[in-house]
Structure formats: structure tokens, C-alpha cells
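*Asks:* fold the following.
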Amino acid sequence: MTHAAVASPWPWPWLDRAGRFSWLRAGVLAAALLPGLALLVLLATGQYGADPWKQATRDAGTLAIRLLLVSLFITPLRHLADWPKAPTLRRMLGLLALAYALLHLGLYAGHLGWRLGEVASEIALRFYLTLGFAVLLGLVALGWTSTDGWQRRLGPRWKRLHRLAYGLAALGILHAFLQAKSRADEAVVLAGLWLWLMGWRLLPGWARAHGGALAGLAVLAAIGAALLEWAWYAAATSLPAGRILAANLTPDLALRPAHGVLAAGLALALAAVLRRRLRTVPPPGKAAPRARRRAVSQSG
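*Replies:* This next block holds a predicted model:
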């Protein structure tokens, strides 16, 4: 839902702009919907433990933030993989994130026994719920204006509006922190990935697919995630925040969320290096022109 809108006028998400079936779109759609389907099956069959509605509500919210971040990763993916078709998935992923956010709200209403008055009261009185509802309203606004028609109406303002998705993702991650309380591993990973995204946007054009620059960005995002984790536990819990921060420097004791952020960032840097090397290697049987000329001159 961010940057250039690339979408099909056809109503079915598995079709491309020409109305043809797309295995890529269908595969991404299935991968995004399967966790939600599994969630609903577990809830319906009573396999979610002692407080199933509460856990299902939390999982749906996490899926919404994950998909929103995935939609924001489309632009870096376009640069890193030199993949022109990547932007065609952005709108669908953003709308799926909105769908999971709506499911998150619906499951919360179910958790309260569908007492809508109580739902409204809780949203108004509890800050973290007010924050989550504000994020949902923002996603609704971006989803509503994600069409080609709205892009034409808004013109240059459309991009500025849809860049708000980065801010909504940050607020959604804060909502996840406030829900997590004493166990915020998932929120820390999401925050680290968000920091990577924002850092990538600040990189100059030449560095956005440069392995060394991306490796440095991975380290910075991991450090940022570790510091956010320390700050959260220090401010919101009675857990030993200093020991948790120190654990990030001794991975042999226990893997921390910041280590996952570092691994993901380094994987992207490695992918950029491999893509650049593959582009410079001539196809089999076709030596570079300079090499061929050198071989001919030596043979003569």
C-alpha cells in the first residue's frame, strides 16, 4: 500500500493486470492466508489453551504487523533482487495486513463475548487498545485509497499519504510491545526489522544494493533492536534489563531477538553480494571480449 500503486482492475487477487492467472500472486496469497486459516481451525477446535480467544486475538494482530512489514519490504526486494514483478504484490500484501487487523479486532470482540458496548469502552479507556484502533483506522484509510482511481485523484499526495504505512507499522509494533508486557521477543524482532527498513530508506541510491552497506545496516539494526529490548524491559518490567542486554553479546548463552535481526540483515547483504557476482560472470562458453582478445593475441 506504499509507493507506486500497481494493481489489477480485476477483482480476484490471483489474477494479474491482464486478467490472467498468476502462480506468483496465487502462491503469495495462499502463504499469507494459511496462518489465518490455521488460527481459526485451532480456535474452532479448542486447541488454543486456557484462554483461546485472547491468544487468537494476539496471533492475528502479530500476523497483521508481519504482513504490513512484508509489504514495506517489497521496495528493498525490488532493488536487491532486481525483480520488476515485486511491486505488483505490494497492494495485495497491504490489504491482507488490513484483513488480519480487522480479524484482530473481531476476535477481541469475541473475547469479550461480542458485547460491543464493552469493546468500545475498553478501546476508549485503555491506551494500548486506543493505539491499536488508531492503527486499524489508518490501515483502513490506506486500503480505501489504494486503488488506481484514488491514485489519480490524489496525484503526488498519494505517495505522501501511503508513506504513512511506515508510521503505522511503528505504532503497531508499540501496540505489540504494550500487549506483550514481560515477554516481548516477537515485538523486538519486528522493531529491529522496522529499523532496518528505515535505515535502508536513508541509504544513498548506490548503497541500497551494496553488500558492505547492507551488512553495516544489519549490525546497526541489531544494535537498535537490542537497545529497544533493554529499554522496554527496564521501563515496563521488573526483569533484569542489564542482564538481558548483556545476553546479546554472549549468544552462546541464549539467542536473543537482536540476533535474529542481525541474521536476517546479513542474509540480505549476502544475497546482494551474490546477485552482483552472478551478474558479472559471463554465461558459459562466452568469455568476456577482453579475455578473448588477450587469448587471440597470445596464440598469435
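
*Asks:* quick check: longest helix of the chain.
*Replies:* helix 211-236 (DSSP state H).

*Asks:* residue nearest the centroid of this structure?
*Replies:* residue 69 (1.7 Å; CA atoms, centre = their mean).

*Asks:* before we move on, the earlier item: report the distance from the longest helix of the chain to the chain centre.
*Replies:* The chain centroid and the centroid of helix 211-236 are separated by 16 Å, computed with CA atoms, centre = their mean, to the nearest Å.

*Asks:* in stretch 119-131, what counts as buried?
*Replies:* Using 16 or more other CB atoms under 10 Å as the test for burial, stretch 119-131 gives 119, 122-123, 129, 131. The C-beta positions use only the backbone N, C-alpha and C, and glycine is treated the same way.

*Asks:* ends of that stretch, what's the gap?
*Replies:* 14 Å (CA to CA, to the nearest Å).

*Asks:* hey, which helix or strand in the chain has the poorest pLDDT?
*Replies:* Of all helical and strand segments in the chain, the minimum by mean pLDDT, DSSP states H and E falls on helix 289-299, at a mean of 48.

*Asks:* list the buried residues for the host helix or strand of the residue nearest to the centre of the chain?
*Replies:* Assigned by DSSP states H and E, residue 69 belongs to helix 52-72. Counting neighbours by 16+ other CB under 10 Å, one finds that the buried residues in helix 52-72 are 52-72.

*Asks:* over to stretch 237-252?
*Replies:* For stretch 237-252, burial by neighbour count (16+ other CB under 10 Å) applies to 241, 244-245, 247-248.

*Asks:* and stretch 185-195, by the same measure?
*Replies:* Neighbour-count burial for stretch 185-195, counted by 16+ other CB under 10 Å, picks out 186-195.

*Asks:* re earlier: from the buried residues of stretch 119-131, which single one is nearest residue 80?
*Replies:* residue 131 (32.1 Å; CB to CB).

*Asks:* residue 175 versus the closest one, what's the distance?
*Replies:* To residue 175, residue 131 is 5 Å away according to CB to CB, to the nearest Å.

*Asks:* tell me, what's touching those two both at once?
*Replies:* Here residue 131 and residue 175 have no joint contacts, going by CB atoms under 8 Å, 6 or more residues apart in numbering.

*Asks:* count the residues that sit near the closest residue to residue 14 other than its chain neighbours.
*Replies:* Among residues not flanking residue 14 along the chain, residue 26 sits closest, at 4.0 Å (CB to CB, 6 or more residues apart in numbering). When neighbours are defined as other CB atoms under 10 Å, residue 26 has 14 of them.

*Asks:* in the stretch 151-300 of the chain, where is pLDDT below threshold?
*Replies:* Along the stretch 151-300 of the chain, the model assigns pLDDT under 70 to residues 251-253, 280-300.

*Asks:* kindly report the same for the stretch 1-150 of the chain.
*Replies:* Applying pLDDT under 70 to the stretch 1-150 of the chain flags the ranges 1-11.

*Asks:* now the helices for the stretch 101-250 of the chain?
*Replies:* For the stretch 101-250 of the chain, the helices defined by DSSP state H, counting those that start in this stretch cover 116-125, 127-144, 148-154, 156-162, 164-180, 185-202, 211-236, 241-247.

*Asks:* residue 97 is nearest to which of the ones you listed?
*Replies:* Of the helices of the stretch 101-250 of the chain, the one closest to residue 97 (CB to CB) turns out to be helix 127-144, at 6.6 Å.

*Asks:* wait, doesn't residue 232 sit right on residue 176?
*Replies:* No: taking CB atoms under 8 Å as the definition, residue 232 is not a contact partner of residue 176, at 10.8 Å.

*Asks:* give me the common contacts of the two.
*Replies:* Among the neighbours of residue 232, those also in contact with residue 176 (CB under 8 Å, 6+ apart) are 184, 187.

*Asks:* okay, the buried residues of stretch 237-252 in a markdown table with distance to residue 201 next?
*Replies:* A markdown table is the format used below for those (distance: CB to CB, whole Å):
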| residue | distance to residue 201 |
| --- | --- |
| 241 | 29 |
| 244 | 29 |
| 245 | 27 |
| 247 | 30 |
| 248 | 25 |
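
*Asks:* which of those sits closest to residue 110?
*Replies:* Of all the buried residues of stretch 237-252, residue 110 sits closest to residue 244, with 34.2 Å by CB to CB.
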